[in-house]
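1. Test case, fold it:
(chains A and B)
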Amino acid sequence: MNAPVMSATGLQRHYEVSGGLLRPTRLLRAVGGVDFALYPGKTLAVVGESGCGKSTLARMVTMIEEPTAGELVLDGQPVQPDVWASLRKSVQIVFQDPYGSLNPRQRIGTILMEPLVINRKDMSRAEREEKAREMLRLVGLRPEHFERYPHMFSGGQRQRIAVARALMLDPRVLVLDEPVSALDLSIQSAILNLLVDLQERLQLAYLFISHDLSVVRHIADDVIVMYLGRAVERGNKDAVFGNPRHPYTKALLSATPRAEPGAEKTRIKLSGELPSPLSIPEGCPFAPRCWKVQDDCRRTRPELTGDAHAAACFHPEGAAG
Amino acid sequence: MSLLRIRNLSVDFATASGRFRAVDSVDQDVNTGEILAIVGESGSGKSVSMLALMGLLPWTARVTADEISFDGQDLLNMDRRARRRIIGNDLAMIFQEPMSSLNPCFTVGWQIKEALRFHLGLDRRARHARAVELFEQVGIPDPEKRLSAFPHQMSGGMNQRVMIAMAISCKPKLLIADEPTTALDVTIQAQILDLLAELRNETAMGLVLITHDMGVVAETAERVSVQYAGQKIEEQPVVPLFRTPHHPYTAALLDALPERATEKRLPTIPGVVPGQFDRPPGCLFSPRCKFADDRCRGEPPQPCGADLGQARCFHPLSTDERLAS
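-> Numbering: from 1, shown residues only, chains lettered A, B, ... in the order given. Next up is the predicted model:
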């Protein structure tokens, strides 16, 4: 396989949370050590429930937040805050809510040209406009849309505009933070097709963040399953979905409703809820909800082991015991 | 006789730019002890029709119907007071966002006991005992302690359980759940859906599940009604609906599911749901339908017979056509 566009090792992000007056501040480990690599033309999906740190991961990758520890490398160059400004061009993001992410007072043309105004001072006004119009066509919108305002568009069209804006600077990496969760089913499929088309044409590397496993299963090449700020399973899509090794992945898959009535249901019922990220249990973070838990799980935290298909579990599925 | 019977229900909203028809002559029956799912995309009128039934629409809405009867009583011509006695008691509803449907200023215990006092007239001690019992029934651990918690002190899943406890507190005959799990994570969603199905089995209440998630429908519902742009366009039991949808919209919607995809490009439905100003004169789906002809565009179709899923379509799909297309 060719070289990764971006790779991360041991990426961490902690927040200090005030405990209240005269109480010590507490440490919230939003992301506690994640490794990944993004390849051109490939999609890496990050799945997990709310509070698992997937959005914090996106904010670090897009250089909105600085990692507390760990290393992020883009095209062989370490990503440090002093070079953020020059590197941000290569990493762009599309947010979940196309209603909140477009300025209602700006015309579509202005929205699309703004990244160029800031980052490409060498371009003339006419060049910028030409590029914006071309991008509009690329994402399947019509030329007359250039002069319109966001409120005149439907949710699906707005998401196309958000994608177009992210592509204005010819990025190598596109972070997609729940890009279709806010869209209706009939619109969702069109946007997913658009993303697939653009990836093929522009050889983009996608970091696709989602909680919807059926969408991930469709679009991803590789998958990372996160739980409480750590990757619990990582591997090729077919391996992770077809043969999940971590109990949490298995439970997540079995909890996802399938659009097939009467299909046999062997739903694993997880008792309890996600612990607060302020008090992540010692040992395996999933231990309090796991049905296979043993003493060693509560004492020491399992590391992500295995090469292509890795799971952070002492008693993985499919193994003896 | 069905528990809930709605005939020709329409809801119009008076907006600044004119009249907007959100629900368009919908017929719906719900039987005792059954789980009916109403599916549709945003703007399909699935929530509005049930809010109309509950009398929870703002004054800008005008509700018209030939018949709305619940458990033999005529809800349409009933005065507000009598209706208030039924709603929250025999007819209960839970909403999508548990955090915003509970009052943040009062403990959840206070809120659940209010319903018990108003509808059942229990005394203080009986109210407390019943509240504890209800919390146990919906699977809230440590109910005594949780009764004195405020909504912000609990998670979304726990708050939804409180809402469910409140809704079933008066042993309703019909529970309407409007997107009860949309705001929740999948593992919590599975717990809540199981809980609702269990409660149905225990109490034999009817359950109306409003959702846009085809997976939830397939796993939970027994009968499914599909809505599009305010109209009911198809109704079938769940298994045949997923196997042989008769309305082209239902078929297209099912094909667009990523999990049914056979290749990298998903089948799509071109265009968007018609809005206030571009409602077509004929079939509402005709601008987006690949089977539409001149008749579809000019004349609104009437529902077909039950064998064709009451599809509002001139060219309902049969099994053979679907396999061929």
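
2. How about the secondary structure of the residue nearest to the spatial centre of chain A?
-> Taking Cα atoms, centre = their mean as the criterion, residue A:209 is the residue nearest the geometric centre of chain A, at 2.6 Å. Following DSSP: H, G, I helix; E, B strand; the rest coil, residue A:209 is assigned to strand.

3. and it, how far is that from chain B?
-> 14 Å (Cβ to the nearest Cβ, to the nearest Å). For glycine as for every other residue, the C-beta is placed from the backbone atoms N, C-alpha and C.

4. can you tell me how far that residue sits from residue A:283?
-> 27 Å (Cβ to Cβ, to the nearest Å).

5. Tell me the residue of chain A that sits nearest chain B?
-> Chain B sits closest to residue A:257 of chain A, with a gap of 3.1 Å, by Cβ to the nearest Cβ.

6. How much space separates that residue from residue A:37?
-> Taken as Cβ to Cβ, the span from residue A:257 to residue A:37 is 32 Å.

7. what's the answer for residue B:115, then?
-> Residue B:115 sits at a distance of 55 Å from residue A:37 (criterion: Cβ to Cβ).

8. any low-confidence regions in the stretch 201-321 of chain A?
-> In the predicted model of the stretch 201-321 of chain A, residues A:265, A:319-321 satisfy pLDDT under 70.

9. and with 80 instead?
-> Residue ranges of the stretch 201-321 of chain A with pLDDT under 80: A:262-267, A:269, A:271-274, A:276, A:306-307, A:318-321.

10. mind listing the strands for the chain?
-> This is for chain A. Secondary structure of chain A, counting by DSSP state E: strands at A:6-17, A:26-38, A:43-47, A:69-74, A:77-78, A:91-94, A:173-177, A:205-210, A:222-227, A:230-236, A:310-311.

11. The intended chain is chain B.
-> Going by DSSP E, chain B shows strands at B:4-15, B:18-30, B:35-39, B:61-64, B:67-70, B:73-74, B:91-94, B:174-178, B:206-211, B:223-228, B:231-237.

12. Output the ones you listed as a markdown table; include the columns mean neighbour count, distance to chain A and mean pLDDT.
-> Below are the strands of chain B laid out as a markdown table (neighbours: other Cβ atoms under 10 Å in any protein chain shown; distance: least, Cβ to the nearest Cβ, whole Å; pLDDT from 0 to 100):
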| stretch | mean neighbour count | distance to chain A | mean pLDDT |
| --- | --- | --- | --- |
| strand B:4-15 | 18 | 15 | 94 |
| strand B:18-30 | 19 | 16 | 92 |
| strand B:35-39 | 25 | 9 | 96 |
| strand B:61-64 | 16 | 23 | 93 |
| strand B:67-70 | 19 | 28 | 93 |
| strand B:73-74 | 12 | 33 | 91 |
| strand B:91-94 | 24 | 18 | 93 |
| strand B:174-178 | 24 | 15 | 94 |
| strand B:206-211 | 24 | 10 | 94 |
| strand B:223-228 | 26 | 9 | 95 |
| strand B:231-237 | 24 | 9 | 95 |
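
13. so can I have CSV of those strands showing distance to residue B:312?
-> Formatted as CSV, the entries for the strands of chain B read as follows, by distance: least, Cβ to Cβ, whole Å:
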stretch, distance to residue B:312
strand B:4-15, 14
strand B:18-30, 10
strand B:35-39, 15
strand B:61-64, 19
strand B:67-70, 20
strand B:73-74, 27
strand B:91-94, 27
strand B:174-178, 23
strand B:206-211, 19
strand B:223-228, 9
strand B:231-237, 5
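
14. Residue B:115 and residue A:37: which has the busier surroundings?
-> Set residue B:115 next to residue A:37 and count neighbours by other Cβ atoms under 10 Å in any protein chain shown: residue B:115 wins out with 20 against 17.

15. which residues does residue B:73 contact?
-> Neighbouring residues of residue B:73 by Cβ atoms under 8 Å, 6 or more residues apart in numbering or on different chains: residue B:86.

16. Would you check how far apart it and residue B:141 are?
-> 38 Å.

17. show me what contacts residue B:265?
-> For residue B:265, the contact set (Cβ under 8 Å, 6+ apart) comprises A:193, A:196.

18. swap the cut-off to 6 Å and go again
-> Going by Cβ atoms under 6 Å, 6 or more residues apart in numbering or on different chains, residue B:265 touches residue A:193.

19. what about whichever residue of the stretch 1-150 of chain B sits closest to chain A, how many neighbours?
-> Chain A sits closest to residue B:41 of the stretch 1-150 of chain B, with a gap of 3.9 Å, by Cβ to the nearest Cβ. Close neighbours of residue B:41, defined as other Cβ under 10 Å, add up to 21.

20. Could you do residue B:137 as well?
-> 19.

21. hang on, residue B:314 packs against residue B:301?
-> Yes: Residue B:314 lies in contact with residue B:301 (Cβ atoms under 6 Å); the separation is 4.9 Å.

22. Same drill for the two, tell me which one is more crowded.
-> Neighbours were tallied for residue B:314 and for residue B:301 using other Cβ under 10 Å; the higher tally belongs to residue B:301 (21 against 18).

23. List the residues that contact residue 89.
-> Because you didn't say which chain, this covers chain A. By Cβ under 6 Å, 6+ apart, the residues touching residue A:89 are A:119, A:169.

24. You answered for a different chain; I wanted chain B.
-> For residue B:89, the contact set (Cβ under 6 Å, 6+ apart) comprises B:119, B:170.

25. Return the per-residue confidence for it.
-> With respect to pLDDT, residue B:89 scores 89.
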